[in-house]
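**Q** let me see the structure of the following:
(5 chains)
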Amino acid sequence: MNLLLEILSIPLVQTILKIVFMIMLFAMPLGTLMTLMERKWSAMVQDRVGPNRANVGSFRGHGLAHIAADGLKSIFKEDTMPEGSDRFLYLIAPFFGLIAGVSVFAIVPIAAPIGSFTFQITDIEPGLLFIFAITSLSVYGAVLAGASSNSKFALLGGTRASAQMISYEVFMGLALMGIFMVYGSTRVSEIVDGQNAYWFGSLIPKWGILTQPLGFLLFTTALVAETKRAPFDAPEGESEIVAGYFLEYSGMRWSAFMLAEYVAIVGVAALVTTLFFGGYHVPWLHLWESAPEWLVRVLQFAKFTAFVVFFCWFQIQLRWTVPKFRFDQTMALGWKKLLPLSLANTVATAAVILIFV
Amino acid sequence: MTITNDYLPILILILVGIGLAGMFTIIGLVVGPKLRTREKAAPFESGFLGKGMEGYRYDVKFFMTALVFLVFDVEIVFLYPWTVQIRELGWFGFVASMVFISVLVIGLAYDWKKGALEWE
Amino acid sequence: MELKVKQVQRVDGFKESLYLPAIFTGFRLTVRHFFRNLFGAKDVVTVQYPEEQRPVSVRWRGRHRLTRREDGFLKCVACYMCETVCPAKCIHIDAGDHPDLSVEKYPVRFDIDELRCVFCGLCVEACPKEAIRMDTGVISMAYASRSTFDFTRDLLKDEYQPNEVTKFLDEDLPKPKSQAEALPNSVGLPAA
Amino acid sequence: MSMETALAEPQLAGLPIEADEDTSIMAIEVGPEHPAMHGIVRFTTYVDGEMIVDMIPEIGYLHRGFEKESENSKWIQVIPYTDRLNYVSPLLNNIGYSMAVEKLFGAEVPRRAEYTRVIMGEISRITDHLTCVGAAAMEVGAFTFFLWFIKAREYLWELIEQVSGARMTTNWTRFGGNATDLPDGFLDDLQERLDKVKDILDECDKLLSKNKIFIDRVKDVGTISKEDALSFGFSGPMLRACGVPFDVRRSDPHSVYDELDFEIPVGTVGDCFDRYLVRMEEMRQSISIIEQAADKMPYGPIMTDQRWVDYPDKKEVYGNIEGLIEHFKMVMEGHQPPEGEAYAVVEGGNGEVGFYVVSDGSGDPVRVRLRPPCFNYVQAMKHMTVGHYIADIVPIFGSINMIGGELDR
Amino acid sequence: MTETTTAPESEAPGALTTLLQQQFSDTLLDFHNHRGDETVRIKRGAIVPVCQFLRDDPRCKFELMVDLTAVDYFEQGRDPRFEVVYHFKSLAHGHRLRVKAPVPEDDCRVDSIHELWKAVNWYERECWDMFGIEFTGHPNLTRLLMYEQFEGHPLRKDYPMDRQQPIMELREIDERNQYGRA
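**A** Presented below is the predicted three-dimensional model:
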């Protein structure tokens, strides 16, 4: 028993356990579930039933078996490689999306720390700046996939993806400046703790959505554009350039792209929750002073998960509500509307902080 | 708080990402059937046997976008320290940053006027 | 009536250029549908096909059926009208002498190639005897082998199972034993 | 046009640039195997970056020889073929062809038959517009919109099924009337379903018509001027979107449309947005037409009593020998319209559907010609797309409502 | 057989026919007004001036070239064998007109009117494709519905229904890829 506790107190072991929990038990299952939920939820919006036919024996689980069926199907599909493609780049392109998607969870806390033990894989000082660095990595996935496929449609998709993603990165950073100013840090744990404060005694929590409403809109928009989902899915553009940058991919490598996309959805939801909705903090929980510590952690994790699921749902709902932008309109929206807006937001936040604080 | 403790997890995570994608690739390569035909190997060309992207040239707009991005992204990086330290730096920092931001805005206005933002 | 012209309204003003109001309106609609269907599938129109079948109208032109006379014999008199009028040329008839002398002919062979059939219903209209009908209500025919679609006179059988290979043979048709027995069954002639 | 010809005579192919090693122009095949091509057609698109500089449409992928097949059939056997022309509004084709043959016969159609034709034709027009608008919207990303429209279309197709016995392959009209009358209780069901369709139209209108993302995609895209549209032979909603109030239902009054009150929606600019709005409004007008026609529906026969125009009444066929022989003769020899030629026109789902029929007095047609409305639209695709982005092919092509069966016949 | 119908001939000429009679008296072959469809048959050489007149004259003002097709009277044994049929519609006056130009089999050509209406281009291509009637002056008289290697003209009455065409090779997209290159 002591030995076990001793092993568990080694930081590296703790880190690995956290990673296993976050990735294998939280992000990946949620991402995989999203592949089905995208279809089920869209079906509900569109007055359909959605997939419900795959079965294991008599078990259908309202379509849950489709997750396994999809996986099995793509395993047994041929992994094609188009003629004249750059084999190495074609091979490594699916890696980047998954790396970026997974790495986002490094800085997301899911519950309050107990002593020195944090429910967060790592709490680095640059925090969100790291996120920007990582998300820009996923540009490579799209660009390399598009460039190496030796297909015109894929190339168009790849170039579109690169232009769109780097552009939206600019004001993704700008949109978050307000948050940095309000909470005075780029470290995620400090931003989350900053949101645990209240206005008017303990009436209204100081969540990011309330301190930075415009920042929230801009950041969410930029993140959705970063994940190349509707309404910013011009790089995929399934009706004009067929499937965009991953047009030539099939089988498991195609699944890697898909999984990366859905993990990214979860990542976006986790980031939005963390930065704008108090992270794991359950509002007004501090009023219940006698709450046992474990229950508080469970409640915090439950609140965090609920918000993450809600924002996953929100992104999927958004996709099935709005049409998509044309590529040049995406760019124009970014550079001509969102960029000035986020600059203005930054300046206004700075002025307000300096005047009132 | 050492570099190792803070950044090792990120390295591990990147390895996890690589591992996942690698697993996917390897499973696909090992288990999937291999029946290559000429039609299947040809890049998609709406039903014809295409020749791929020979002769394609990038639109110059993409390079313009890259240039504009470069300028803005690098300049925005300079703003981060100010945002974190805004209370300490006070109005002096604000004015200084405004000068900096106005340079950015002028740059944006110039690009806009020059049509670098138009996708025509 | 005079020509009335209505100019369509191209709404594209300031409110639209904000993007968000329209997106919120859209959200209200889609979310309403989502929750209506999440709790009780109130708006779902999907038909779960093999278990649940869409009710078809009584006029639905489905698989063909050959009707019988009161004595159980085929109504068809092998007049070739349906064969002539069929635009897909999917009906093939061979005529033979009817055991009931008052009827003259009956189809020894009556084949319908349902793979060629376009389900236009012209054969039903052309038939002067109401011998062929398409009122079985069968909306889909999906069988494993091509030969199953070559429907022969088995169509006559009241409970037709195309996957069973049993054919409806001439022996299965009721046969009057003598002329005297045959004549009263026919229409238009006085009973002997 | 082959490339050699094009290069030899660039001014004829309308080449925008000279043959030159240093151009950055790339050919992209859009179609036939392409998700936006919901009929089969090939557009060889030449793009400079993302901008379309030239486009060569190629059609004929769905050519089934309708005209040749018709000339080798009897007159009545052509009606099932017409279902397969514009397969989202088959009844309008049925009506158009029957009108052409009736014109040859000089036959009168009973008023009840005309009114049912109006009701069924307008239902078909709504299904056509639902498909067109829905599919075009789907391709700019509004998938929900499309599926709600398809739901509405399903309600209407079930109505068509109640009357004709099939959803799409209706084969419903005959020369001098219709094959079947409206069933009992049809008009109540009709009203109920029309109300549902109206609700869906309102809902979809709210979802999309004021959404700036959608407006951005369709506004000032694929604009065609009034003069060009006329010169290209546009008709139907495409021409009306340019501001020309040309509607065959009013300009060449047929059937009982002159007893019904409706407005012709017209646009101003002639872009995809106008076409979308015109079609949306036309569906509402069609619903109003159906409601009026249902109110005014007279009682009476549904087939003409003129002999030799259609089969004799079933009662006569079963009851007396003259009727039987006449029936036999008409089935075996076919309907025999008198010698002559006729061009009958109906306002189809996407424009003027004209049938030109020539008879030599025998049972086989000499010529059955369909004038397909979307033939002209696809011809004008180059005119409408050059100068736009690749992504604009999608809304433009969606708005012209190309139906492969009708285009290629 | 034709109890209900009357013979199409001996009907009074319509207003447009009269106008065309005045303008093109020497090229007008005959006319009829069967079932209210005003129809004129003209010599094929005069098709361009007649169509020009129909489009531009304020009394005609046919903005729409509705349809262009041909009819093969092979089985009827008529001479000339083909007839090219034009349908026009005027929005200003609301009238329609059918113009027919007979074309003999041995000299199977008629002047193209593609410069008058933009829509004509494809209609003439289709007509050439289907009937083999050559439209002189057409900029790009190639097959439209059929493929380039198709043999024969399918809508001619002497083209048998069940004729087999030679099987084509799988087509690659060489030629069109080379846009703007020598």
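**Q** work out for me the element the closest residue in space to A:Val102 that isn't next to it in sequence sits within.
**A** Distances taken as C-beta to C-beta, 6 or more residues apart in numbering or on different chains put B:Gly17 closest to A:Val102, at 4.2 Å, once the chain neighbours are dropped. The way it works is simple: take the backbone N, C-alpha and C, and place the C-beta from them, glycine included. Secondary structure from DSSP states H and E places B:Gly17 in helix B:3-31.
**Q** report the secondary structure state of C:Arg109.
**A** At C:Arg109 the chain is in strand, as set by DSSP: H, G, I helix; E, B strand; the rest coil.
**Q** enumerate every residue touching it.
**A** C:His92, C:Ile93, C:Asp94, C:Thr152, C:Arg153 (C-beta atoms under 8 Å, 6 or more residues apart in numbering or on different chains).
**Q** these two touch, right, D:Ser251 and E:Ser90?
**A** No: using C-beta atoms under 8 Å, D:Ser251 makes no contact with E:Ser90, being 9.5 Å away.
**Q** by mean pLDDT, flag the weakest helix or strand of the chain.
**A** Picked chain A for this. Within chain A, no helix or strand scores below strand A:117-119, which has a mean of 76 by mean pLDDT, DSSP states H and E.
**Q** oops, chain E please
**A** Of all helical and strand segments in chain E, the minimum by mean pLDDT, DSSP H and E falls on helix E:174-177, at a mean of 53.
**Q** what's the burial count for residue 114?
**A** All of this is about chain A. Neighbour count of A:Ile114, defined by other C-beta atoms under 10 Å in any protein chain shown: 12.
**Q** actually, chain C is the one I wanted.
**A** 18.
**Q** which outside residues touch stretch A:212-219?
**A** With contact meaning C-beta under 8 Å, 6+ apart, stretch A:212-219 is reached by A:171-172, A:174-179, A:182, A:208-209, A:272, A:275-276, A:338, A:341-342, A:345, A:349, C:20.
**Q** can you pull the buried residues of that stretch?
**A** A:Gln212, A:Gly215, A:Phe216, A:Leu217, A:Leu218, A:Phe219 (16 or more other C-beta atoms under 10 Å in any protein chain shown).
**Q** again, but for stretch D:260-279
**A** By 16+ other C-beta under 10 Å, the buried positions in stretch D:260-279 come out as D:260, D:262-267, D:269-279.
**Q** out of those residues, which sit inside strands?
**A** Mapping the buried residues of stretch D:260-279 onto strands (DSSP state E) picks out D:Glu263, D:Ile264, D:Pro265, D:Val266.
**Q** once you drop chain neighbours, what's closest to the third one?
**A** The shortest distance from D:Pro265 to any residue other than its chain neighbours is 3.7 Å, reached at D:Glu281 (C-beta to C-beta, 6+ apart).
**Q** from chain B, how far off is the one you found?
**A** 32 Å (C-beta to the nearest C-beta, to the nearest Å).
**Q** now do A:Gly244
**A** 11 Å.
**Q** surely that residue meets A:Gly237?
**A** Yes: the pair A:Gly244 / A:Gly237 is scored as a contact, 5.4 Å apart, by C-beta under 8 Å.
**Q** shared neighbours of those two, which are they?
**A** Contacts common to A:Gly244 and A:Gly237, judged by C-beta under 8 Å, 6+ apart, are A:Gly157, A:Arg160.
**Q** measure C:Gly40 to C:His33 for me?
**A** Separation of C:Gly40 from C:His33 (C-beta to C-beta, to the nearest Å) stands at 12 Å.
**Q** what does A:Val242 give?
**A** When distance is defined by C-beta to C-beta, A:Val242 is 29 Å away from C:His33.
**Q** helix or strand next in line after the helix holding B:Gly17, which one?
**A** Remark: after helix B:3-31, the chain's next helix or strand is helix B:38-41, criterion DSSP H and E.
**Q** so is that following helix next to chain A?
**A** Yes: residues of helix B:38-41 contacting chain A under C-beta under 8 Å from any C-beta of the partner chain: B:Lys40, B:Ala41.
**Q** mean confidence score for that helix?
**A** The pLDDT scores in helix B:38-41 average 75.
**Q** could you identify the helix or strand that succeeds it?
**A** Following helix B:38-41 toward the C-terminus (DSSP H and E): helix B:60-84.
**Q** what packs against that next one?
**A** Here helix B:60-84 touches helix A:152-183, helix A:339-356, helix B:86-114, going by 3 or more C-beta pairs under 8 Å, 6 or more residues apart in numbering or on different chains; DSSP states H and E.
**Q** show me what counts as buried in the second one.
**A** Spelled out, it's helix A:339-356. If you call a residue buried by 16+ other C-beta under 10 Å, then helix A:339-356 has these buried ones: A:Leu339, A:Pro340, A:Leu341, A:Ser342, A:Leu343, A:Asn345, A:Thr346, A:Val347, A:Thr349, A:Ala350, A:Ile353, A:Leu354.
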